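Engineer: need a structure here:
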Amino acid sequence: MDHHLEMTLSREEFLRLLPGAVGLAFTIGKEGAFQGRDGPMQWRIHLRPLPELRLGSVCLPRHRVEIHLDGYSEEAAAAFLARFHRGFQRGGG
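Structural biologist: Model prediction:
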């Protein structure tokens, strides 16, 4: 099961927030992918740099996030993705 999205954050910020977003231990593989397992289920996330988003004089780093879930049921995948999204939510005001 593959899911793709674009995020406006740096690689460092992604790495800082990832543990809370996946709630599981992970490693960084040979190709630079973040990977982990949850029992028999495995997940892998590739972070691909995109051109910066420019808003006037403000430049925001952007990445394409490719999430691959192996062995997940639809319900388990939905739960993983919901937790992932919650882990990267930012407060507004």
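Engineer: all contacts plus neighbour counts: C-alpha atoms, from now on.
Structural biologist: Will do.
Engineer: Can you give the distance of the helix ranked longest in the chain from its chain's centre?
Structural biologist: The longest helix of the chain (DSSP state H) is helix 74-88. Averaging C-alpha positions (CA atoms, centre = their mean, to the nearest Å) puts helix 74-88 10 Å from its chain's average.
Engineer: in it, what counts as buried?
Structural biologist: Taking 16 or more other CA atoms under 10 Å as the neighbour-count basis, helix 74-88 is seen to contain the buried residues Ala77, Phe80, Leu81, Phe84, Gly87, Phe88.
Engineer: Kindly report the same for stretch 44-54.
Structural biologist: Going by 16+ other CA under 10 Å, stretch 44-54 has these buried residues: Arg44, Ile45, His46, Leu47.
Engineer: could the residues you listed go into JSON lines alongside secondary structure?
Structural biologist: Output for these, formatted as JSON lines (DSSP: H, G, I helix; E, B strand; the rest coil):
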{"residue": "Arg44", "secondary structure": "strand"}
{"residue": "Ile45", "secondary structure": "strand"}
{"residue": "His46", "secondary structure": "strand"}
{"residue": "Leu47", "secondary structure": "strand"}
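Engineer: quick one: which of those residues is nearest Glu31?
Structural biologist: Lowest distance from Glu31 to the buried residues of stretch 44-54 (CA to CA) belongs to His46, with 8.5 Å.
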